[in-house]
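Chemist: Need coordinates for the following:
(chains A and B)
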Amino acid sequence: MRLSQLTVRQFRNLASLDLEIPEPGVVIIGENGQGKTNFLEAIYYLVLFRSLRGAKDRELVRFGEPGFFVAAVAGAHRVTAGYETATRRKKVTLDGSEMSKLSEAVGTILAVPFSPADVSLVGGGPSARRRYLDVVLSVSEPPYLGRLTELKTALKQRNAALRRGRPEEARAFDGPFARAAEYVTATRRRWVERWHERFRELCRALGEPSAAGLRYRTGEGTDGTEGTDDADAWCRRLGARMERDLRQGVTTVGPHRDDLRLSLAGRDLRIYGSAGQQRTAAIALRVIEAETLAATRGAAPIALYDDVFAELDENRQARLLELIREALPGQAIVAAPRDSEVPAALFDRPRWQVAGGRLDR
Amino acid sequence: MSAIDDVAAELARLPGIGKKTATRLTYFLLKQPRSALERLAEAITALGTRVAACSVCGNWSDADPCGICADARRDAGLVCVVEEASDIAAIERSGEYRGVYHVLGGHVSPLDGIGPEDLRIDPLRARVANGGAVREVILATNASLEGEVTATYVRGVLEPHGVKVSRIALGLPVGGDLEYADGLTIARALAARREMGS
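Modeler: From the prediction side, this is the model:
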């Protein structure tokens, strides 16, 4: 996949950009705080129509402006996204028609972001890993996002009923919750099944000698239904926890409590992994994200590298470059504070300078 | 506040009407003859004095029971359950339905503080339990998650009474292009497919 044009208006510190993006991509050089990451975030906004860093839409609007707008041409499609603070309205168009459901336009542009903050995928709490899974599956399997939204709606309603102290009312949402949970957990498990060996291979290729593991873990308890994801099993689990759920005022079992367990030689990487090991595992997850998209959507995603090479020693850097040549053969947008921190293999692209939210070519 | 501000503020409370539109409407009214303004005021007052919920189905009506419930030509054994009275108008426009209605007054939504006991489910149960005149109940709540949950709940309430309960079908809009339908609608339409008769 190739991004050919990019328009940005009032997004973070970027006031106004109209750019032709060269075929191999670009290298963006700029000191911290000048707008490198914002530039990558603006591109990625067109993948999910949400902030890559989990910020709220109104936080993406440039200070003092009424809203922001981002648009790009990628392949044969033009995607635009605009947001207005006063009305809190978000408008997304695909090839000129407004999308009533954002999910219909998600995945038109395919991109994979690499960032030093990715280490929190491995070292952080389960929610970061669930979000990773949900993003990968939403972009690669179109029904997933819709079912996930159903699950979240059912969960919110069920929790509200629990807080009202109404078990009957909460139980009324068990059915829709369980049916969506069946699809979501089965899809997540299938993905882990498909990619756990590749995760091990990638960690090894990145210089990690011990065996890395990737497992899906549900908080299903010990009621004899472990490993089954069907709606009936979810209904039984919800039923068994009703008293506890009522006391706590939240649904204590479900895909929203599950985790992706990453390990090295059988030990939990989140707790026992060194900084270097966690970084390696995070990069492996991003490479798998790229490979998942390429396998399901039939096009290599655009790579967005946000200053990720400086942190790696030369040996790992060389191994990573080797890997991404195969996994991400398409366009690459590389951001770094200095020329010297861009690996030679990625340096054969046009170089732009960013300062104070402006780009100089 | 002037009379103009009063009217504009009242109009702005209506759904879909913002401050600007309310002001424009107010200035439009100012240009109307006094008789027209009085007719409008009377018509609005009549909504409050003459219109009440039908004691049988819950539909808004000048008469009790409402025109639909009182119509002997309609099939009182067939009851269509809807969320809002405005849904009745939509179904009536189809001209295909000859049964009667039951208005729930919303859907189950704990987030909005609405539980089953806040809906007119008990009157529906009473209608069904009363003498067995009702043969079939059609659940025509919205195709949203809350509408589905409400339909499931009502079915559970009616089950012990042995009445036939059906749910309106979900699927593609008539005259719509498959190409433009969203994924979820298509998935549901496929799941609810039926064998074609000859």
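
Chemist: and A:Q353, that's in a strand?
Modeler: Yes. When classified by DSSP: H, G, I helix; E, B strand; the rest coil, A:Q353 is found to be part of a strand.

Chemist: For the closest residue to it other than its chain neighbours, the count of nearby residues, please.
Modeler: Setting aside the residues directly before and after it, A:Q353 is nearest to A:D360 in space (C-beta to C-beta, 6 or more residues apart in numbering or on different chains), at 4.4 Å. Yep, even glycine has a C-beta here, placed from its N, CA and C like the rest. A total of 10 residues lie near A:D360 under the criterion other C-beta atoms under 10 Å in any protein chain shown.

Chemist: tell me the contacts of A:D360?
Modeler: By C-beta atoms under 8 Å, 6 or more residues apart in numbering or on different chains, A:D360 lies in contact with A:352-354.

Chemist: What about those, which one has the most neighbours?
Modeler: With neighbours set by other C-beta under 10 Å, the maximum within the contacts of A:D360 is found at A:V354, which has 22 neighbours.

Chemist: Please point out which parts of stretch A:19-38 sit buried.
Modeler: Neighbour-count burial for stretch A:19-38, with 16 or more other C-beta atoms under 10 Å in any protein chain shown as criterion, is recorded at A:19, A:21, A:25-30, A:34-38.

Chemist: what's the biggest helix by length in chain A packed up against?
Modeler: As assigned by DSSP state H, the longest helix anywhere in chain A is helix A:174-205. Judged by 3 or more C-beta pairs under 8 Å, 6 or more residues apart in numbering or on different chains; DSSP states H and E, helix A:174-205 is in contact with helix A:126-140, helix A:143-163, strand A:212-217, helix A:231-240, strand A:259-264, helix A:275-297, helix A:314-327, helix B:145-158.

Chemist: What residues of that helix count as buried?
Modeler: A:174-185, A:187-189, A:191-192, A:195-196, A:199-200, A:202-204.

Chemist: what do you get for stretch A:324-337?
Modeler: Under the neighbour-count criterion of 16+ other C-beta under 10 Å, stretch A:324-337 has A:324, A:327-328, A:330-336 buried.

Chemist: Please export the C-alpha coordinates of it as PDB.
Modeler: What follows is stretch A:324-337 as a C-alpha-only set of coordinates in PDB (Å, rounded to 0.1, in the frame of the first residue of the first chain):
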ATOM      1  CA  ILE A 324      11.200  -5.500   8.000                       C
ATOM      2  CA  ARG A 325      12.600  -5.800   4.500                       C
ATOM      3  CA  GLU A 326      10.400  -8.800   4.100                       C
ATOM      4  CA  ALA A 327       7.500  -8.000   6.400                       C
ATOM      5  CA  LEU A 328       7.100  -4.300   5.400                       C
ATOM      6  CA  PRO A 329       8.400  -4.100   1.800                       C
ATOM      7  CA  GLY A 330       6.100  -1.100   1.100                       C
ATOM      8  CA  GLN A 331       6.300   2.500   1.900                       C
ATOM      9  CA  ALA A 332       8.100   3.700   5.000                       C
ATOM     10  CA  ILE A 333       7.800   7.000   6.900                       C
ATOM     11  CA  VAL A 334      10.800   7.300   9.200                       C
ATOM     12  CA  ALA A 335      11.000   9.900  12.000                       C
ATOM     13  CA  ALA A 336      14.200  10.600  13.900                       C
ATOM     14  CA  PRO A 337      15.800  13.500  15.700                       C
END
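
Chemist: quick one: contacts for residue 104?
Modeler: Here I'm looking at chain A. Going by C-beta under 8 Å, 6+ apart, the list of residues near A:E104 reads A:94, B:182-183.

Chemist: my bad, chain B
Modeler: Neighbours of B:L104 in contact, by C-beta under 8 Å, 6+ apart: B:58, B:81-83, B:119-121, B:124, B:141, B:150, B:154.

Chemist: Which of the residues you listed fall within strands?
Modeler: If you go by DSSP state E, those have B:81-82 in strands.

Chemist: So which of the contacts of B:L104 reach chain A?
Modeler: The subset of the contacts of B:L104 within reach of chain A, by C-beta under 8 Å from any C-beta of the partner chain, is B:T150.

Chemist: ok, the contacts of B:L104 vs chain A, which is closest?
Modeler: B:T150 (8.0 Å; C-beta to the nearest C-beta).

Chemist: From B:S144, how far out is whatever residue of chain B ends up closest to chain A?
Modeler: Among the residues of chain B, B:P110 lies nearest to chain A; the distance is 3.6 Å by C-beta to the nearest C-beta. According to C-beta to C-beta, to the nearest Å, B:P110 and B:S144 sit 14 Å apart.

Chemist: quick revisit: mind putting the buried residues of stretch A:324-337 in CSV, pLDDT included?
Modeler: Rendered in CSV, the data for the buried residues of stretch A:324-337 read as follows (pLDDT from 0 to 100):
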residue, pLDDT
A:I324, 87
A:A327, 86
A:L328, 89
A:G330, 87
A:Q331, 94
A:A332, 94
A:I333, 95
A:V334, 94
A:A335, 94
A:A336, 93
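
Chemist: for the chain, what are the low-confidence residue spans?
Modeler: In the absence of a named chain, this looks at chain A. A:219-227 (pLDDT under 70).

Chemist: Sorry, I should have been clearer: chain B.
Modeler: Judged by pLDDT under 70, the stretches of chain B that qualify are B:198.
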